[in-house]
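S.K.: what's the 3D shape of this:
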Amino acid sequence: MDEHKIVSMVLGMREFQKINCIKNQCISNVLYFIKKLDSSNRIKIKPVIVVSFDDETNIFKIIGGHLIVVLKDGELVIDPSYDVDSLKNKSYFGTIEDFIKGLPSIEESKLKKIIGYFLEFVKIAEQMNNDEFFI
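M.R.: Numbers count the residues shown, from 1 in each chain. Next comes the predicted model:
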């Protein structure tokens, strides 16, 4: 499947999620996305921490566990989840170290929760990448 078709598929998925108010379903979104791809694509599921800050509303949001898809040796990174992709001024962090470096200080109890969520998604991504994950 060429890049244009992949992008078109992701845009269609996101539009469906937007219309149907589908939120907090990154695992299902990633599974659906990779199932629809041609098996010749090299796919890797990657866990991330997402940080967003909306200048208009002053809302700062951290999503401790989220999954994205990396294709073609890292050349194409796709977030098939509308609710996260639509966040303003978002940054994706693939490691705890990068997350901590990229942010000002954060309350220790909140940091522990975020790290805990992220580690859960690390395990899920490992299982998915090894074809061991079942819903």
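S.K.: show me what counts as buried in stretch 122-131.
M.R.: 122, 124-125, 128 (16 or more other Cβ atoms under 10 Å). To be clear about C-beta, it is placed using only N, CA and C from the backbone, and glycine gets the same treatment.
S.K.: low pLDDT regions in the protein?
M.R.: Within the chain, the stretches with pLDDT under 70 are 1, 38-41, 72, 135.
S.K.: strands along that one, start to end?
M.R.: Taking DSSP state E as the test, the strands found in the chain are 43-54, 59-71, 76-78, 90-93.
S.K.: between those, which gets nearest to L111?
M.R.: strand 59-71 (9.5 Å; Cβ to Cβ).
S.K.: who does that closest one pair up with?
M.R.: Note on strand 59-71: by DSSP bridges, its sheet partners are strand 43-54 (antiparallel), strand 76-78 (antiparallel).
S.K.: I6: which of the ones you listed is closest?
M.R.: Of those, nearest to I6 by Cβ to Cβ is strand 76-78, at 7.2 Å.
S.K.: just the residues contacting that closest one, thanks.
M.R.: Contacts to strand 76-78, defined as Cβ atoms under 8 Å, 6 or more residues apart in numbering, come from residues 3, 6, 10, 33, 46, 68-71, 92.
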